[in-house]
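sequence first, then the predicted structure:
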Amino acid sequence: MKLSFSTVGCPNWTWKEITACASDLGFAGIELRGMGDDLSLRSIPIFQPGQIGDTAKTLKDKGLVISCLASNLLLCDDAFDMDDAKHAVELAQGLDCPYIRILGDEWGHPGNSVKEELVRERLVSLAPLASGAGVVLLIESNGVWAESAKLNGLIETIGSTAVQVLWDMHHPFRWFGESPQTTTANLGQAIKHVHIKDSILSGKTIQYKMLTYGDLPLKDMLAALKNIGYDGYLSMEWVKRWNAELEEPGVAFAHFTYSLSKLLRQIDW
């Protein structure tokens, strides 16, 4: 199974530290979600047109890939900028990255209603752009779209292989009480990338935990993925950028590879 981690888990690391950690701990991929103070990759020098070739070569030399480009594109936002979407597609092409994560809701949890028709319209307009570039847009199961039946309905409405799903394992279970079998039954082969994290619910407050220290049914989730023949990345989303109190990335990432390997052995995957 291919493992990656999101750079949201190591916001203070340099690119050299990020790639070294991935290589040393046996990760095959890196999911890009900003670096340092920049959540937008547009302002980071190593991802500019003049340097992206060297960046891609560094990855190749280390045997690494960019598993997913986790963009800040928010489809339900009135300020959505098509130029940002075009830049994301160009960057994904330059890094030979197959997937771009986009959001259909601003929140991880289901909060206020979103302009669902606007989300659909923008996906319809973006699908040909992505398809022409050989890139797949992934709608994350967050916010109102964490309800997998609703998310499946959105994907079916678009009807394009260039628009698929990123299953964040946390949100459908935590906010809608979905079993892993329900989620995979609804989304099936549309799942192209997976975010893994763990947590407990203390009252109404989420407390994120290192893998297996929370109460998510991780083994059942992995078994459900195995049963649908999933062969993509399992990507650790350690949300340290917004939760400074969490364990440092070097500790959390090493624990992730260790604990996940145990879980995978338990289901013979």
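The structure has been received and is ready for your questions.

got a pLDDT number for residue 228?
The confidence metric pLDDT takes the value 98 at residue 228.

and the one 3 residues further on, by the same measure?
With respect to pLDDT, residue 231 scores 97.

ok, it - how many residues close by?
Each residue near residue 231 was counted by other C-beta atoms under 10 Å, and the total is 10. Heads up, the C-betas are built off the backbone N, CA and C, glycines and all.

do you know how far it is from residue 6?
20 Å (C-beta to C-beta, to the nearest Å).

what of residue 42?
Residue 42 is 18 Å from residue 6, by C-beta to C-beta.

between these two, which is the more surrounded one?
Neighbour tally, residue 42 and residue 6, criterion other C-beta under 10 Å: the higher count belongs to residue 6, 24 against 13.

may I have the phi/psi pair for the more buried one?
With angles defined as degrees, to the nearest 10, residue 6 sits at phi -80, psi 140.

residues in contact with it?
31, 32, 33, 70, 195, 235, 236, 237, 238 (C-beta atoms under 8 Å, 6 or more residues apart in numbering).

let me see the mean pLDDT of the helix or strand harbouring the fifth one.
Read that as residue 195. Using DSSP states H and E, residue 195 sits within strand 191-196. Strand 191-196 comes out with an average pLDDT of 98.

show residues contacting the host helix or strand of residue 256.
In the assignment (DSSP H and E), residue 256 maps to helix 249-266. For helix 249-266, contacts defined as C-beta under 8 Å, 6+ apart pick out 1, 3, 5, 9-10, 13, 21, 25-27, 196, 210-212, 218-219, 222, 234, 236, 238, 240, 246-247.

repeat that for stretch 220-235.
1-6, 28-29, 31, 67-68, 169, 173, 179-181, 183-184, 188-189, 191-196, 260, 263-264, 267, 269.

can you rerun that using 6 Å?
With contacts defined as C-beta atoms under 6 Å, 6 or more residues apart in numbering, stretch 220-235 is touched by 2-4, 29, 31, 67, 169, 180-181, 184, 188, 192-196, 263, 267, 269.

show the buried residues in these.
3-4, 29, 31, 67, 169, 180, 184, 192-196, 263 (16 or more other C-beta atoms under 10 Å).

how about TSV for those, with distance to residue 109 added?
Formatted as TSV, the buried ones among the contacts of stretch 220-235 follow (distance: C-beta to C-beta, whole Å):
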residue	distance to residue 109
3	26
4	24
29	27
31	21
67	25
169	15
180	19
184	21
192	23
193	21
194	19
195	15
196	18
263	25
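
identify the farthest-apart pair in the residues you listed.
29 and 180 (22.6 Å; C-beta to C-beta).

picking that back up, now the strand holding residue 195 - C-alpha only, CSV.
Output of strand 191-196 as CSV, limited to C-alpha atoms (Å, rounded to 0.1, in the frame of the first residue of the first chain):
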residue,chain,number,x,y,z
ILE,A,191,-12.6,7.1,-4.4
LYS,A,192,-9.2,8.0,-5.8
HIS,A,193,-7.4,9.4,-2.7
VAL,A,194,-7.9,8.9,1.0
HIS,A,195,-7.2,11.1,4.1
ILE,A,196,-6.6,9.3,7.3
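
so what strands line up beside the helix or strand following that strand?
Next helix or strand after strand 191-196 toward the C-terminus (DSSP H and E): strand 198-202. The pairing partners recorded for strand 198-202 under DSSP bridges are strand 205-209 (antiparallel).

what residues does the strand it pairs with touch?
Residues contacting strand 205-209 (C-beta under 6 Å, 6+ apart): 198, 199, 200, 239.

same deal with stretch 58-73?
4, 19, 22-23, 29-33, 39, 85, 88, 92, 95, 97, 99-102, 193, 233, 235.

rerun at 8 Å
Residues from elsewhere that reach stretch 58-73, judged by C-beta under 8 Å, 6+ apart: 2, 4, 6, 8, 15, 19, 22-23, 27-33, 39-41, 80, 84-85, 88, 91-92, 95-97, 99-103, 138, 166, 193, 233, 235.

of the residues you listed, buried ones?
Using 16+ other C-beta under 10 Å, the buried members of the contacts of stretch 58-73 are 4, 6, 8, 15, 19, 22-23, 27, 29-33, 39, 41, 80, 84-85, 88, 91-92, 95, 97, 99-103, 138, 166, 193, 233, 235.
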